[in-house]
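Show me how the following folds:
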Amino acid sequence: MRIRIFAVLAAAAIMLAAGCGPRPLPVKEIPYGIITEHTGEQEMTLPELISRIRKADAVFIGEIHDDSLTHVLEYRLLQSLHHYNPETAVAMEMFERDVQPWLSGYLSGEVEEAAFLENSRPWGNYAAAYKPIIEYAKANGLPVLAGFVPRRYAAMVARDGEEALAALPDSEKVWIASELKPLDDAYKERFMKQMGLGDKPAMMARVNPENLYKAQSIKDDTMAETVANFMREHPGKKMVIYQGDFHSAFGLGSVKKLRLLMPGITTAVISIVPLDDFASVHPPDYKGQGDYMIFVPRVKQAR
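Here you go, the predicted model:
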């Protein structure tokens, strides 16, 4: 099957307007194709997608971190969802929980950008990829949650197991999910397969695969808890959550963890997939990966 291609107009202007460093591709339209998981083949435009997901309590957007056009669409999705839901908030993998004061301070105008960047450990591609989202949130008064566990704690779990966290002072435990739930489910199976731990005895002799999975789980647990805590404190807020696609694909990872924390919450899972060739896409290969799949031409971005 060949998916029908639509386009996002004036996409290049988004990043230029935000003043975010490297000049994007000199294009006026960003081609994309969208299918829905329910049939694996149904096509729709971006406005049609927004009309379907805008009532969800939490919209998860799974990305490939180094794809430029993915970030253009992410900005457009936030802009469109905020248009329909003024009470929108954002959560991001790209900022870790312990830098929330610096992030919130920058958004409120109490912290200068230089101090924010110096203290918030932004990713290498922040200027080109995530600054437009932060600047949009700042300009429109949208809260942004630093959603991920600080990676130093995930590294401790990967190396020494969850017991290593017990020795941390309470002042540090606040940056970590209060409960680690390493579920024995399809997510664990996918993780073990991706890490090459399922059938490689030599690899397993060097690392404890259970600890690696627990380290992965604590990332999802912390994101889900961060979002759940905020939503309980701010009833009526709609969440847009940005993270790597693995964390939300197939409704697993942080999506499943959030549903466990907040039974009855409505979610929409979007998976943005960069392609080298639109003509080669086979939608059934992606069935179930997201409630909606957005395909874009692959344009790699330095991280």
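
Just give the nearest non-adjacent residue to K238, would you?
Leaving aside its sequence neighbours, K238 sits nearest to N85 (Cβ to Cβ, 6 or more residues apart in numbering; 4.4 Å). Quick note: C-beta positions are derived from backbone N, CA and C, even for glycine.

I53 is in contact with the one you found, correct?
No: checked against Cβ atoms under 8 Å, the pair N85 and I53 is beyond contact range at 10.4 Å.

between these two, who's got more neighbours?
I53 (21 against 18; other Cβ atoms under 10 Å).

hang on, isn't that one packed against A268?
Yes: if you go by Cβ under 8 Å, I53 and A268 touch, sitting 4.0 Å apart.

Provide a list of residues in contact with P150.
E96, R97, D98, W175, I176 (Cβ atoms under 8 Å, 6 or more residues apart in numbering).

and those residues, which of them are in strands?
E96 (DSSP state E).

I'd like the contacts of P150 as CSV, with neighbour count, distance to D185 and pLDDT appended.
Listed next are the contacts of P150 as CSV, based on neighbours: other Cβ atoms under 10 Å; distance: Cβ to Cβ, whole Å; pLDDT from 0 to 100:
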residue, neighbour count, distance to D185, pLDDT
E96, 23, 25, 98
R97, 20, 24, 98
D98, 19, 29, 98
W175, 19, 26, 97
I176, 23, 21, 97
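
tell me, what's touching I53 and A268 both at once?
Common neighbours of I53 and A268 (Cβ under 8 Å, 6+ apart) are V59, D291, Y292.

Quickly note the distance from the residue nearest to the second one when sequence neighbours are not counted to V59.
When you say that, I think you mean D291. Nearest residue to D291 in three dimensions, chain neighbours excluded: V269, at 4.7 Å (Cβ to Cβ, 6+ apart). Computed as Cβ to Cβ, to the nearest Å, the V269 to V59 distance reads 8 Å.

For the stretch 151-300 of the chain, which segments count as helices?
Under the criterion DSSP state H, counting those that start in this stretch, helices of the stretch 151-300 of the chain are mapped to 151-160, 163-166, 170-173, 186-194, 201-206, 209-233, 253-261.

Go through those helices and pick out the most buried.
Highest mean neighbour count among the helices of the stretch 151-300 of the chain (mean count of other Cβ atoms under 10 Å): helix 253-261, with a mean of 23.
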